[in-house]
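In: below are the sequence and a predicted model; questions follow.
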Amino acid sequence: MSNDTLADFDRTEFTSHGRTAPIYRIGTGPAVIVMSEMPGITPNVADFARKVAAIGCTAVMPHLFGVDGKDPMGGRISALGAASTTLRAIVPACISREFTVLATGKSSPVVTWLRALAAQEHERCGGVGVGAIGMCFTGGFALAMAADDRLVAPVLSQPSLPFAVNKRRANSIDINADDLAKVKSRCAKGELSVLGLRFQGDKMSPPQRFGWLKEQLGDAFTAVELPDSAANPDAMGPPHSVVTDGLIDEPGQPTRAALDQVLDLFRRRLLQPVVE
């Protein structure tokens, strides 16, 4: 894999609540906000966005951290390149006031900006609402965004915040009490279908977190937990990224089935009349 120029994406900038950052769009139809994992908008994240566009949606990738389009495996020694790229992205994010990485019961401040982006894209693209997927560092953002009625299809892929350094943080996700109450109310009314993805042995996205989400959201939450053996063996590190680095994009593969579930959720909630 090499760096992705993102040349097939339209690049603009979005400003709201004092934050200005690049936005990359591809496709037509209802909007899906694609929030990258660490270390940023990698070629695999961009490829996922292209898959979203291929089903008839507009994939919208906001810059949140890292170097857009950079292959983390680049360099003479892939492992060192990946570690260096990730470190350069995660350290500034962890000390930034935009992200809540350890505290429980808090939504990251950047979620306010992301909600404003979703509102703009809903007005721009039309449709019944907006979809969103967060991955790893941004996994919980998709849930917090769903406190806004415009967000109708949230996907949480290996949600990793707050960092599970103890049991209390493992039994939580980065969302404040008010946002969670709104999400729970929407779930109870049948307005939301929340999809969660993780590998079973992933310590960054622990099983307790999905158990807690099931307790909070009930039948509105669908957990997809894959065996570690299903992950792409060529991916760096232990199994973690379900629809990007860990994906084996071949029929019959569990990760491909998980990807299809994500795309099917977007089709069902965004491209067809909502009848639930």
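Out: In hand now; what should we look at?
In: quick one, helices of the chain?
Out: Ranges of helices in the chain, per DSSP state H, are 43-54, 78-95, 110-125, 141-145, 167-170, 177-188, 207-217, 254-266.
In: pick the most buried one from these.
Out: By mean neighbour count, with neighbours taken as mean count of other C-beta atoms under 10 Å, helix 141-145 ranks first of the helices of the chain at a mean of 29. Yep, even glycine has a C-beta here, placed from its N, CA and C like the rest.
In: what's that one in contact with?
Out: Residues from elsewhere that reach helix 141-145, judged by C-beta atoms under 8 Å, 6 or more residues apart in numbering: 33, 35, 107-108, 110-111, 114-115, 118, 132-134, 151, 154-156, 159, 173-176, 179, 183, 194.
In: those residues in strands, which ones?
Out: Members of the contacts of helix 141-145 lying in strands (criterion: DSSP state E): 33, 35, 132-134, 151, 154-156, 194.
In: output the lowest mean pLDDT helix or strand found in this structure.
Out: helix 78-95 (a mean of 52; mean pLDDT, DSSP states H and E).
In: run through the chain and note the low-pLDDT ranges.
Out: For the chain, the stretches with pLDDT under 70 are 1, 74-97, 101-104, 273-276.
In: spatially central residue in it, please.
Out: In the chain, the residue lying closest to the centroid (C-alpha atoms, centre = their mean) is Gly134, at 1.2 Å.
In: that one against Leu151, yeah?
Out: No - here Gly134 does not reach Leu151: they are 11.3 Å apart, not a contact under C-beta atoms under 8 Å.
In: got phi/psi on Glu37?
Out: As for Glu37, its main-chain torsions (degrees, to the nearest 10) stand at phi -90, psi 180.
In: may I have stretch 230-245 as CSV, with CA atoms only?
Out: Extracted C-alpha coordinates of stretch 230-245, given in CSV (Å, rounded to 0.1, in the frame of the first residue of the first chain):
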residue,chain,number,x,y,z
ALA,A,230,-11.0,-13.7,11.3
ALA,A,231,-8.7,-10.6,11.1
ASN,A,232,-6.4,-10.0,8.2
PRO,A,233,-3.1,-11.7,9.1
ASP,A,234,-1.2,-9.0,7.2
ALA,A,235,-2.4,-6.2,9.5
MET,A,236,0.0,-4.8,12.0
GLY,A,237,-0.5,-5.6,15.6
PRO,A,238,-3.3,-7.6,17.3
PRO,A,239,-6.8,-7.7,15.7
HIS,A,240,-8.5,-4.3,16.1
SER,A,241,-9.8,-2.5,13.0
VAL,A,242,-12.8,-4.5,11.7
VAL,A,243,-13.6,-2.7,8.5
THR,A,244,-10.2,-1.3,7.6
ASP,A,245,-6.9,-2.9,8.4
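In: so which bits of that stretch are buried?
Out: 230-232, 235-236, 239-245 (16 or more other C-beta atoms under 10 Å).
In: gap between that stretch and the chain center?
Out: Counting by C-alpha atoms, centre = their mean, to the nearest Å, stretch 230-245 is centred 16 Å from the centre of its parent chain.
In: which other residues reach it?
Out: The contact list for stretch 230-245 (C-beta under 8 Å, 6+ apart) reads 37, 42, 44-45, 47-48, 72-73, 78-79, 82, 133, 135-136, 157-158, 197-199, 201-205, 224, 226, 228, 246-248, 253-255, 258-259, 262.
In: check contacts around the residue nearest to the centre of the chain.
Out: 35, 140-143, 154-157, 159.
In: thanks a lot, see you next time.
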